[in-house]
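Asker: model the following, please.
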Amino acid sequence: MHDVLDPAEMVSDELNQRRESGYDVAELEEVVRLAIESGSPDEMDSAYARLEQSSLRADWAHEEPSALDQIRGSFPAPSDVPPLTLDGAGLRDRLLGAWLGRCAGCNLGKPVEGWSRERIRAYLDHADAYPITDYLPVLDPWPDGLKLNWCWPETTRGNIAFMARDDDTDYTILGMHILETHGFGFGPADVAEEWLLRLPFFQVYTAERAAYRNLIHGIRPPETASFRNPYREWIGAQIRADMWGYVCPGDPESAATLAFADASLSHTQNGIYGEMWAAALIAACFVTSDARSAIGISLDHVPPRSRLADAVRDMCDLHAKGLDWESARDDAEIRYGHYSFVHTVNNAALVTAALLWGEGDFTRTIGLAVQGGWDTDCTGATAGSIFGALHGTEALPGHWVDPLNDTVRSAIMGYDHSSLSDLADRTLRLTQSRHDS
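Answerer: Predicted structure coming up:
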């Protein structure tokens with residue numbers, strides 16, 4: 001469950017985090033195991049402290065800073081970004097497409113969140129629904145070991161009446177609220193204030209819950225991201241990226257800067273880069289004609305020697321070499337399958353692959369994102385959002401968007417049962433106010 005209130009899970013997950021990010025922790029594995037077996041909170045706390053004192057391996061090949069000036073200092077020379085030529089109506093259509101695409105992709109992935117791609121394939125084969133062309137059907141009775149997640153009554157074919165509540169959409173709504181309340185100069189402290197005011201503790205997870213706990217204990221940003229937070233490179237920040245891209249069409253640099261202000265409350269290193277990358281990618285979608293071009297621009301806003309940059313480039317290279325989807329997904333499993341299913345790096349690779357092999361088709365794009373496994377609601381949502389921003393509402397088939405009934409449920413105080421059309425209008429006003437200022 002990755003519970004930030006459980007010392008055993010915390011110290012075990014910190015060991016994994018350190019190992020994955022290049023720290024020399026081999027000699028501490030037995031220390032952690034014994035501490036967990038003892039059941040003693042003091043021994044687990046001591047083991048955690050020893051992990052915090054570990055050092056990077058001498059052979060670690062990556063450079064992954066967390067401070068904004070160091071992140072920016074690592075960027076390559078930026079690519080030329082085409083000018084924004086959309087008029088108000090065209091921009092509003094792309095924004096609504098992005099909101100709708102995000103919701104449809106998220107709803108599609110929710111019933112199988114956390115499933116392996118093999119398990120998803122088994123379910124789809126039982127349902128005669130492979131490859132994905134619509135929301136998942138419900139099987140009665142459930143095949144052995146293949147019962148859909150608890151949310152299935154609201155997120156499956158024929159049962160959808162709105163976008164079900166999900167943190168992937170909560171954070172997009174909250175991002176809009178932050179801009180409306182604090183303006184474009186907001187900082188991590190402003191984000192923290194809105195979390196505490198409007199977002200229930202048990203509706204946030206992993207890194208966000210650790211940062212929230214730290215805030216309650218009086219710790220301030222950026223220490224909220226690093227103190228006893230084993231999930232600081234997981235996907236939670238990346239799913240908060242969309243609003244910053246929406247309000248910076250054609251300006252990926254500004255989108256990435258806003259993303260940093262949000263991400264640094266709860267994440268470090270690749271956790272931060274994931275949000276900056278996704279925000280820059282979405283911003284580029286408003287001025288490019290295809291996903292590959294937007295992905296190329298987005299890489300200008302990721303440290304080039306980071307694991308995230310490697311993952312995105314790897315998928316681009318495999319696509320350029322002509323590999324088929326299944327072979328590329330096999331390759332991603334070999335390279336990134338050791339990460340948690342909710343890590344930033346592996347899921348960013350999957351989003352990239354879904355966009356590339358989706359070939360400009362919405363159904364295929366979100367279908368591949370979800371069929372790929374790992375954090376399916378997050379990858380489906382991000383891929384759908386990017387597609388909508390790139391192509392607009394006309395490219396979104398009705399069987400995906402009509403069941404949403406222009407409505408999204410939300411845990412954000414004051415925003416439950418929001419209208420997606422209204423959210424798109426408010427996002428457009430923010431975009432225009434930034435341009436006018």
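
Asker: pLDDT of stretch 114-130, averaged?
Answerer: Taken as a whole, stretch 114-130 has an average pLDDT of 98.

Asker: er, stretch 147-160 actually
Answerer: For stretch 147-160, mean pLDDT rounds to 98.

Asker: buried sites along it?
Answerer: For stretch 147-160, a neighbour-count test (16 or more other CB atoms under 10 Å) marks 148, 151, 152, 154, 155, 156, 160 as buried. Heads up, the C-betas are built off the backbone N, CA and C, glycines and all.

Asker: from start to finish, how long is that stretch in a straight line?
Answerer: As for stretch 147-160, its first-to-last residue distance stands at 18 Å under the measure CA to CA, to the nearest Å.

Asker: quick one: distance of that stretch to the chain centre.
Answerer: 22 Å (CA atoms, centre = their mean, to the nearest Å).

Asker: and the contacts of that stretch?
Answerer: 107-108, 110-114, 123, 134-138, 142, 161-162, 164, 403-404 (CB atoms under 8 Å, 6 or more residues apart in numbering).

Asker: make it 10 Å
Answerer: Stretch 147-160 is contacted from outside by 103-104, 106-115, 123, 127, 129, 134-139, 141-142, 161-166, 376-377, 399-400, 402-405, 409, using CB atoms under 10 Å, 6 or more residues apart in numbering.

Asker: just how off-centre is stretch 243-263 within its chain?
Answerer: Using CA atoms, centre = their mean, the distance between the centre of stretch 243-263 and that of its chain works out at 14 Å.

Asker: an error on my part: the question was meant for stretch 26-45.
Answerer: Counting by CA atoms, centre = their mean, stretch 26-45 comes out at 31 Å from the chain centroid.

Asker: okay, and the beta partners of residue 234?
Answerer: residue 343 (DSSP bridges).

Asker: any idea how far it is from residue 10?
Answerer: Plainly put, residue 234 is 14 Å away from residue 10 if you go by CB to CB, to the nearest Å.

Asker: between those two, who's got more neighbours?
Answerer: Counting neighbours by other CB atoms under 10 Å for residue 234 and for residue 10 shows that residue 234 has the greater number, 31 against 21.

Asker: among the buried residues of stretch 147-160, which are located in helices?
Answerer: Applying DSSP state H to these, the entries found in helices are 152, 154, 155.

Asker: mutual contacts of residue 234 and residue 10, please.
Answerer: By CB under 10 Å, 6+ apart, residue 234 and residue 10 have these common neighbours: 2, 210.

Asker: in TSV: the buried residues of stretch 147-160, plus distance to residue 79.
Answerer: Output for the buried residues of stretch 147-160, formatted as TSV (distance: CB to CB, whole Å):
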residue	distance to residue 79
148	42
151	40
152	43
154	41
155	38
156	41
160	39
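
Asker: identify, from the residues you listed, the entry nearest to residue 332.
Answerer: Distance to residue 332, by CB to CB, is smallest for residue 148 among the buried residues of stretch 147-160, at 24.2 Å.

Asker: give me the phi and psi for that closest one.
Answerer: Summarising the backbone geometry of residue 148 under the convention degrees, to the nearest 10, its torsions are phi -60, psi 160.

Asker: what about it, distance to residue 115?
Answerer: According to CB to CB, residue 148 and residue 115 sit 9 Å apart.

Asker: same check on residue 260?
Answerer: 32 Å.

Asker: what touches both of residue 148 and residue 115?
Answerer: Counting by CB under 10 Å, 6+ apart, the residues touching both residue 148 and residue 115 are residue 123.

Asker: done for today, thanks.
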